[in-house]
Structure formats: C-alpha cells, structure tokens
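Visitor: Need a 3D model of the sequence below.
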Amino acid sequence: MPKKDKQTDKLRHIKHREKRGGTDPAPSVIDLHVVANGAKFNPSACMLLTDHLRYLFNCGEGTQRIATEHKLKISRCEHVFITHKSWKNIGGLLGFALTIQGMNLPTVTLHGPPGIEKILTQGKGFSHLVSGDFNVVKRELEEGSFTDSTMTVEYVPLTKGFSENEGIGDTDKPVAKKLKADNGVRDVTVAYLCKPKQPKPKIDLEKVSELDISRKDFKKFGQVTSGFEITLEDGRVIKPEQVLMDRNPVFPFLVIEIPDENYLDSLLTNKLLQDHQVQNDDTSDKIIHLVVHMTPAEIMATEKYQIWMSRFRSSTTHITINEESNGPGLQGVFRIQAMLNMLHGGIFPLLPAQCKAAEDCIQDSDKNCVSGDTKIQAETNLKYRVLPKKGFNREQCFQLDNEAFIKEARTQPDLDENLKNLKENLSAVQSDELSVRPYPEIVFLGTGSAMPSKVRNVSSTLLRLSESQYMLLDCGEDTIGQMHRFYGDKLPDVLEKLSAIFVSHMHADHHMGLFGIVHARSQVFRSQHKEVPPLLVLAPIQINRWLQSYSENVENILPWVRHVALQSDDTEIWGNVLSLLQLKEFNPVGVMHCKNAYGVALKHKDDWKLVYSGDTMPCPALVTAGKDCDVLIHEATMEDDLADEALTKTHSTTSQAINIGIEMNAKFILLNHFSQRYAKIPMFNENFSNRVGIAFDNMRVCLKDLQLLPMFLPTLKAMFADDYMEMELKNEKLLIKRQREGIKSISKENF
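Guide: Below you'll find the model as predicted:
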C-alpha cells in the first residue's frame, strides 16, 4: 500500500547525503534556536539549525510538542546533547525517540553524562521503542570530542565537589577517563564547547566579471572553491584568492548548566574553558562569542558564577534559558482556548496567561533585544545567527493575542449565527436540583492519543473528588505543564491536595508525566518544610520496574510514592484505598487493549459514579462494572469508517464508545482520546445524542454542565468548518480507494 511505501522511504536529507558519498557539506548558515525558554514548568532546550541537520540540547517533558508546533523539523535531529542527568533534561527523551522513530530516522546519538540512555533502555519494555531499523547510540565522554561536517564539540565534564586542581586519582588523566575509572558514580554535568566548521568559500561574481572569463572556463570554478588553482583556455592561472569571497571568522559557542553550587569549583578551575575565555589576542578564534546558560537563576547569582562570567570579554553574548524566562512555549493551546471560550466561559475558561496583559505574558522586547545588549533572557523561538554573522532574530517570537485568535475564528461564515443560537439555547436550560453538586469536577489535561499535537496533549484527566482531594486518571508526558497552564499560581494547592494517580496501562502516552508530577508535588511540601506524604499510584504491577529504575538512575522518588498494583486481590489494601479517597467502590476492570490494561469504575461516598475506560476496544466487562454510572469517559480514537484500523490497534470508534455507554445505561458519555488526525474535532454522526459530548484539553465540567455539551456540537462544526471539510474529503478519498481495492480483489478471485 502507498502509505507503507511512504513510511519505509528514506528521509530526504539522508538521500541527499548518500548522493554526496555519505557526508554533508559544512553549512554556510547556522542558527541557534531557543526551543523552550525554561520558564516555570517549561523545559529548557535549544537547537542548532543547519540546512541539513538539527542538534538538540536537552529534552525535558514537552520539548517535542513545542518543536513540532514550531516546525523545527525534528526528523533531521540525529544528535541530542544532555547537560545533566535530571528529569527536567531527559523527561521528553522517550517521547522524542518514539516520534522520530515513526518518522523513519534510522539513528539518534545521545551525548552526555553516564546513564542518560537508561531512560530509553528501560522504556523499550513498554513503549515499542525497538532496535531493528531504529537505533539509539550513546556516545561516552571518554571517547573524546565529537566531530562531523557541521562542528566539533568538546565535552567539558564538571564534577560535584571537585576542582581540576585537586584531581581525581592520578592528576595526569583527563577528567572523562577518571570518571570512567570511577565507574561513573560521580555526579557530573557536561558543558559543550562547539566550534562550527568553516564552510566552503563562495565565488565572488564581481571579481569573476572583472577577469573576462568564458562560459567554458567558468565550469572549472568548482575546483577553485576546493582550494585549487585552475588554468584557463587562454593560459591564465587563476588562484582561489582572486575569485573567492572573503571568509567570515568562525568562533566557538558554549552550552552550559551548573545545577547547584557543588559544581562551581570545578567550573572555576577548568583549564579548557579558561583557554577559551579572555585572551591577549582579542581576535583569536578560540574566544567564545556566545554562551547559552541553562543554569538556575540562584546559581547564576552566586559570586563564583559571576566571577566565571566576568572572564569573558564584554562583547560575548549570553543567552539565559531558565526559570527567570517569561511567556509560554506553545501558542496553539491558547489559540483554541480563546476560541472555545466564546462558547462557554465556565467550561472553557481563559487560561491564567491569557488573563494577563500582553506585555506581562511575554518578555518585553526592549528588555530582551536592545541593540548592543549582550545578556539576554530567552524567549521561545528566539534565534541567534551563529554563522555567517552573529545577531538576534525575533520574527518567530509570539504574543498571546486573544483578540487576534477570536478574529481568526470569526472568519468562518456561519459562526456568529451559531453562537447566537447557542446562547439562546443555553439561557433556556434549567439545572435540576441533583445536578448542582460541585463535585466531581473533571478537568481534561490531555485528550489526544499516541503523541501530542498543537491542540491535544496525550492522556491525562484530573478528577476533583471533593473540596480537599484530587486524583489523576493517567498522566502522559507534560501533564505537569498542562496543570500549570490551567491553574497557574494555584497549582501548588492542587498538588498538595493530589492524593492518587490511576495509570491504566504501560503505554508511554499514559504515564510519562508521572515523575514530573511526583517531583513537583514533593517540592510543594518540602518548600513548606513538611514531610512529603506518599502519592498513591494505582497502576499495573509492571510499573514497579520503571519506578525502581528511575530511582536508581535519576532521583530517588520511592519515599514519595506508594504503589498499589491493579492486579492485587488484597482486600485490606483496597480497603485502605477506599478510605483514603473517600470512595465506596474502586473497581479496576481488565479491558481489551494491551496486556495488563485497565479501566476503572469508582463510586464516591456522596453517591456519584464515574467510569474511565482507559484504552480499549468495546469491553463487556466494563459495561458490567459501570452500570448506571453518572458519567462515562470513554476513548474514541477512530471514526466509524476506520473500524478495521481500530480493531487492529485495539481501540474504539466513536459509535462503539457511544454504544458502550448506552449498554451501560450511563447518564452521560464523554468521548476522549482522539487520534491526532482529528486535530480539533472528531467526525460526528447520527449516534451523537443529547447524552454525548466531546472532550477538549483545558475543558472543565461538573455534573450540571454535562447537559450543555451536546448543544456545542453545531457551533464547533461551524467554528472548525475548514478542518471538518478536510476530514470529509479524506473520508471520500478513503472510500474510493477501498472500493477500488475491493474491485481488484474480486477481479483476482474471478481470475
């Protein structure tokens, strides 16, 4: 089938490389792009961009979503450099690797401290991250500097509580080799000293025109760019310097993170870095012209760090990517929220960042990029031209402009009429006495499947059980970022009241946000000098190995979690769970997806009942467990026309999910977990009744709101009319294709 051919086809940049004999030319243009600005609960990441390749520095949770939204072509990212082995730097690695594996990139090389690759090694057991046609290679520090057609990168290991003058063991050994001899047990942060390659010189056409060169002779000029003299037909010898443009000087740049004060002595005494700071010869090509700081603000403010920074010459440019940055990393999240807010301000509230004045949502441009200013706080999409000439470019930096987002929505011709009708219908609704209860409150944080998109993050739903308790139903990558976008400054209170996380199964898009949540929650309690109460993790027993591996290799979180295996039949344990969560029932249900996949039916002491399907095909056991529930949250990954694909992937179609709810006698059915092919809304059909609604990221509902959701469907269809029409056209093409395949199949059988 054509789709398979496309998936197995080589990427364009790899084809071009093979045509050139397996190498890329040194790029003539290199940009350093701030992928994520490091603001609170945003990752800190930057990427080096060339014509052929991408080089990523750090990959925290949410990095791939930001890079994909801003079209940074991560399919060309063959190298990832990690500064320090912490979750904020590696939390997005597994999701990133899964995505580029799907793009048919054959190999990605990891550079950085010992053990960073273990997050991927351990993840292979549950993530479908395979070797075969895709390989993850770890390049160790002791292998020495890395070089390719773009640049040479010197690894600069800095160790905790160690200055280079003191040595580790034998003083004549390089630091990297000493680390290996020490079995990698020392905590290390790695700075990267990057020296771009000098690009091939270009021909100066003005110089050539003065030489009166024939067209036949001009064909020889390819040899000149390679440094050779050529002899013309008339006997003249042309030297390269006669016809080539002057070369721009190429200077190194540095990417560095000092995680805490214990590394400062090693930083101050490092001879390699000293050699590339201030020199007597100010024109030396060893002098660093750009430093990217991923160091926390409190460390940058220390006397020792300031002394180290003072060693650079005054013209050196410093870009800081840390928690002092302001502004969001994503724009699509806020765009669709501004649009949905037009339907109902309570169900689709404006996010905290949208409620601030525009000048507070982004860094002030005068503050960031004043001409001649050499110390810049990063913004998402800020670019710095490393080659051919240095300078900032803010053309892709963005503001949160709600009015512009609403104006964009209003370009749809039928929207205003639909909004008018919706408001009239909403005003006529009378809430019955039972439905005015404030809990449960459901906040959807991730409503997409497999991988994140501009509009939908991967699976996560926050359930507020009562005034004093929350629990999460799944927690895909960057759930903590989504929570911060929704709650803003109120997030610490939510984390303090978070009692449990239910993990439905071990696919990565359902639990890769777990460690970020556990870490952030622990910080809330520790900042108040309180003991951290263990977070209840209700998950398949297989998560134990993942928790253990993370605790051994990154951060010991075992004291902060209490795992209860969903397979457990210990009545005492489940009794404690019910007591902690104030529930009458908590019934994990084995569902029809992968091995050890679960849905759950829970009933609160206040007599409301909620069912969450997790990922599953239509499942009779879930119907039985969920009988007469108040609300069913059911996955609806595929549209009805893709029922065969849904069966193959053990998912449900929209109509299958609705029918499960009808069989269950659910009072309301909320569809969730849409394939990312349905960027904004799924395909609607005749089964969408007044008991059915669709979930969006950053949608907040309680029982009284559910009856309103079906009223939104006509307006949603009008608001996203272009997207809906595109889906209909794709369906028509799919139907024609299947008809043709059916005719061919019948013809073969008759033959």
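Visitor: Could you list the buried residues of the longest helix seen in the chain?
Guide: Secondary structure of the chain per DSSP state H: the longest helix is helix 721-750. Within helix 721-750, the residues scored as buried using 16 or more other C-beta atoms under 10 Å are 721, 724, 727. For every residue, glycine as well, the C-beta is placed using N, CA and C.
Visitor: which one among those gets closest to Val692?
Guide: Of all the buried residues of helix 721-750, Tyr724 has the smallest distance to Val692: 17.1 Å, by C-beta to C-beta.
Visitor: Quick check: closest non-adjacent residue to the closest one.
Guide: Lys717 (5.7 Å; C-beta to C-beta, 6 or more residues apart in numbering).
Visitor: burial measure for the one you found, as a count.
Guide: Residues near Lys717, counting by other C-beta atoms under 10 Å, number 18.
Visitor: Low-confidence bits of the stretch 201-350 of the chain, can you list those?
Guide: 279-284 (pLDDT under 70).
Visitor: mind listing the strands for it?
Guide: 230-231, 237-238, 253-256, 290-293, 317-320 (DSSP state E, counting those that start in this stretch).
Visitor: Roughly how far does the closest residue to Pro240 other than its chain neighbours sit from Pro440?
Guide: Nearest non-adjacent residue to Pro240, counting by C-beta to C-beta, 6+ apart: Val224, 5.2 Å away. As for Val224, its distance to Pro440 is 74 Å (criterion: C-beta to C-beta, to the nearest Å).
Visitor: And Phe696, by the same measure?
Guide: On the measure of C-beta to C-beta, Phe696 and Pro440 end up 18 Å apart.
Visitor: if we can go back for a sec, dump the strands of the stretch 201-350 of the chain into TSV; add distance to Ser522 and mean neighbour count as well.
Guide: Output for the strands of the stretch 201-350 of the chain, formatted as TSV (distance: least, C-beta to C-beta, whole Å; neighbours: other C-beta atoms under 10 Å):
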stretch	distance to Ser522	mean neighbour count
strand 230-231	68	14
strand 237-238	69	14
strand 253-256	27	24
strand 290-293	26	23
strand 317-320	26	20
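Visitor: With distance to Lys407 as added columns, please give those strands in CSV.
Guide: Below are the strands of the stretch 201-350 of the chain laid out as CSV (distance: least, C-beta to C-beta, whole Å):
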stretch, distance to Lys407
strand 230-231, 59
strand 237-238, 59
strand 253-256, 39
strand 290-293, 36
strand 317-320, 33
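Visitor: contacts for the helix or strand harbouring Asn544?
Guide: Here Asn544, judged by DSSP states H and E, is contained in helix 543-553. Defining contact as C-beta atoms under 8 Å, 6 or more residues apart in numbering, one finds that helix 543-553 is touched by 85, 115, 118-119, 122-123, 125-126, 503, 506, 511, 515, 537, 557-558, 561, 563, 565.
Visitor: among the residues you listed, which ones are buried?
Guide: Using 16+ other C-beta under 10 Å as the burial test, the contacts of helix 543-553 include 85, 115, 118-119, 122-123, 126, 503, 506, 511, 515, 537, 557, 561, 563, 565 as buried.
Visitor: wait, which of those residues is closest to Tyr263?
Guide: Nearest member of the buried ones among the contacts of helix 543-553 to Tyr263, counting by C-beta to C-beta, is Lys85, at 12.9 Å.
Visitor: so what's the closest one up against?
Guide: Counting by C-beta under 8 Å, 6+ apart, Lys85 has contacts 112-116, 187, 553-554.
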